[in-house]
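[1] Any chance you can model this:
(one chain, ligands or ions: 1)
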Amino acid sequence: MSLWADKYRPTTLDQLTYHKGLTQQLKQMAVSENIPHMLFYGPSGAGKKTRITAILREIFGPGVEKLKVDERQFATPSRRKMVFTIVSSNFHLELNPSDLGVYDRVIVQDVIKDIAQSKQIDANAKHQFKVVIIDQADELTREAQAALRRTMEKHTSTMRLILCCNSLSKIIAPVRSRCLLIRVARPSQREVSSALQLVAQHEKFLLPPELALNIAQHTQCNLRASLLALESTAVRRTNLNDVQKPDRVDWEILISKIAKMIIEEQTPAKLLAVRGHLYELITHCIQPSLVLKNLSFELAKSMDDKMKRVVIEKAAFHEHRMRKGQKHIFHLEAFVASIMHEYKCYRTGV
Ligand SMILES: Nc1ncnc2c1ncn2[C@@H]1O[C@H](COP(=O)(O)OP(=O)(O)OP(=O)(O)O)[C@@H](O)[C@H]1O
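    Purely as a prediction, here's the structure:
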C-alpha cells in the first residue's frame, strides 16, 4: 500500500493539474529533435520531480517506468569500499548527492563517463542519448559541479543531464549557463486544494473546501506535505465535515515536545533526552535541516524578541555548519546545547 502522494502522482504531462503553460512548453520540447540539458528549480513539493518523470515518459515512452535499483561499489582514494545505489531504466539513471558524500566528484564523473560511453540498448529508441537525473543538485560540492561542467560539454551526443534543486544560487554559473532553466513555482492555495479534492474523489470521501484550503495554508502550498496531511487526517476520521484544521503529523508533535523540553530545563540530562528524540527523527528520515528549522520556530514561539534573535542567529550558524559537515546529529545537538546555555544565562541574568 503506497501513500497517496505516490499513488496519485501524475505520470504523464497530460495528467499534470497546474502550471498549464509550463506543461505546454515541456510538451513542445519533448517532441523537438534538440533536447537541451535542463535544470528544474523551485520550492520543495512544487512538483519538480513529477514534471521530470513526466517529460521523460513523453520523450522515451512507458519504458522509463520500468525501474531497477542497482548497488554500485566504489573504492575511495584511501581504498575504502563504499556502496551507493542507482535507480535506472533503459533510458535514464538517477543519482542523489546525499548518497554520495564527499566523493561526489569522482562518483559523478565515473558514472557519467560510464553511461556516456555505453550505447543505447534499444536501437529503435527515438533518441540515442541517455538521461542522467541528479536530484538535490544544490547539494553537490563545487568540485563535483565543476566536473559536471566538463562532462556536459564532452558527452552531449550520448548523454543529457536533468538537474533538480531548490535553490539556483548554489549551482555554479558555468553549469547554470549550460542548462535550460525551468522554474516550477509553488502552486497557489486554490491549485493545491483542487489537487486534494481530486484525491478525495478517488478515495471516495467528502472533503470540505475550507479544510482543503486550511491544509494548503498550513503546509505553505507544499503539495507533498498537503497530501500527507490530508491522508493522516482522513485515515483517523470517518467524517471530515466538522474538521477545521489538519492533524499535526507525528514528527511535528515530537519537535514541539523537544522545544518544550529545552525551555523547561537546561541540564545535561535533558540534553541527553533531547538527543534521543533527535535520533528518532533522523532515523525516520525527517530531513535534519527541516528539524532545525521547525525546532527554531517552535522555540521562538515561546520566547521574547531578544531570545528570538538569538535562536535565529544560532540556527543560521548551525545550519551552515550542517551543510559543510557530515554528521547532522552533532550539529543539531550543538544547536540545542547552545540554546540551552543562552536561555539559562538569560533567565538567571548571568
Ligand atoms: N501537477 C501536479 N498535479 C497533481 N499532483 C502533483 C502535481 N505535481 C506534483 N504532484 C504531487 O505532489 C507531490 C510532490 O511532488 P514532487 O515530488 O514532484 O515535488 P518536488 O518539487 O520534486 O519536491 P522536493 O523538492 O521536495 O523533492 C507528488 O507526490 C505528487 O503526488
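[2] what's the spacing between the residue of the chain found nearest the ligand and Arg9?
    Closest approach between the chain and the ligand, counting by C-beta to the nearest ligand atom: Gly47, at 2.8 Å. Placement of C-beta: from N, CA and C, glycine included. Counting by C-beta to C-beta, to the nearest Å, the gap from Gly47 to Arg9 is 9 Å.
[3] Please identify which of these two sits among more neighbours.
    Gly47 (26 against 18; other C-beta atoms under 10 Å).
[4] Any figure for the gap between the residue nearest to the more buried one when sequence neighbours are not counted and Tyr18?
    Among residues not flanking Gly47 along the chain, Val184 sits closest, at 5.7 Å (C-beta to C-beta, 6 or more residues apart in numbering). From Val184 over to Tyr18 the distance is 10 Å, taken as C-beta to C-beta.
[5] Give me the common contacts of the two.
    Gly47 (C-beta atoms under 8 Å, 6 or more residues apart in numbering).
[6] returning to what we had before: pretty sure the residue nearest to Gly47 sits against Gly45.
    No: applying C-beta atoms under 8 Å, one finds Val184 not in contact with Gly45, separated by 10.1 Å.
[7] where does the protein dip in pLDDT?
    Where the chain drops to pLDDT under 70, the residues are 1, 98-103, 116, 119-126.
[8] Residue nearest the middle of it, spatially speaking?
    Note on the chain: the residue nearest the mean C-alpha position is Ser44, at 5.8 Å, using C-alpha atoms, centre = their mean.
[9] Show me which residues of the stretch 101-250 of the chain are close to the ligand?
    166, 195, 223-224, 227 (C-beta under 6 Å from any ligand atom).
[10] Pull the most distant pair out of these.
    Spanning the widest gap among those are Asn166 and Ala195, at 20.1 Å by C-beta to C-beta.
[11] Pick out whichever of those two has more residues nearby.
    Ala195 (21 against 16).
[12] so the more buried one touches Thr17, yeah?
    Yes: in terms of C-beta under 8 Å, Ala195 counts as a neighbour of Thr17; the distance is 5.5 Å.
[13] who's in contact with Ala137?
    Each residue near Ala137 by C-beta under 8 Å, 6+ apart is listed here: 39, 97, 145, 163-165, 171.
[14] now, which of those residues lie within strands?
    Within the contacts of Ala137, residues falling in strands by DSSP state E are 39, 163-165.
[15] any chance of these in JSON lines, with neighbour count and distance to Asn239 too?
    Formatted as JSON lines, the ones in strands among the contacts of Ala137 follow (neighbours: other C-beta atoms under 10 Å; distance: C-beta to C-beta, whole Å):
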{"residue": "Leu39", "neighbour count": "22", "distance to Asn239": "45"}
{"residue": "Leu163", "neighbour count": "27", "distance to Asn239": "45"}
{"residue": "Cys164", "neighbour count": "23", "distance to Asn239": "39"}
{"residue": "Cys165", "neighbour count": "21", "distance to Asn239": "41"}
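[16] between those, which is closest to Leu207?
    Looking across the ones in strands among the contacts of Ala137 and measuring by C-beta to C-beta, the closest to Leu207 is Cys164, at 29.8 Å.
[17] Kindly state the beta-bridge partners for the closest one.
    Beta-bridge partners for Cys164, by DSSP bridges, are Phe40.
[18] Just say helix, strand or coil for the residue nearest to the centre of the chain.
    With DSSP: H, G, I helix; E, B strand; the rest coil as the basis, Ser44 sits in coil.
[19] is it true that it touches Cys221?
    No: look at Ser44 against Cys221 with C-beta under 8 Å: they stay out of range, at 10.3 Å.
[20] tally of neighbours for Leu272?
    Neighbour number of Leu272 under other C-beta under 10 Å is 10.
[21] In terms of helices and strands, where is it?
    helix 268-283 (DSSP states H and E).
[22] does any bit of the next helix or strand after that helix sit next to the ligand?
    Next along the chain after helix 268-283, taking DSSP H and E as the criterion, comes helix 288-301. No: counting by C-beta under 6 Å from any ligand atom, the ligand is not contacted by helix 288-301; separation bottoms out at 10.0 Å.
[23] Give me the buried positions along the helix or strand following helix 288-301.
    Next along the chain after helix 288-301, taking DSSP H and E as the criterion, comes helix 305-324. Neighbour-count burial for helix 305-324, counted by 16 or more other C-beta atoms under 10 Å, picks out 307, 310-311, 314-315, 318-319, 322.
[24] Repeat that for stretch 38-56.
    So for stretch 38-56, counting by 16+ other C-beta under 10 Å, buried means 38-43, 45-56.
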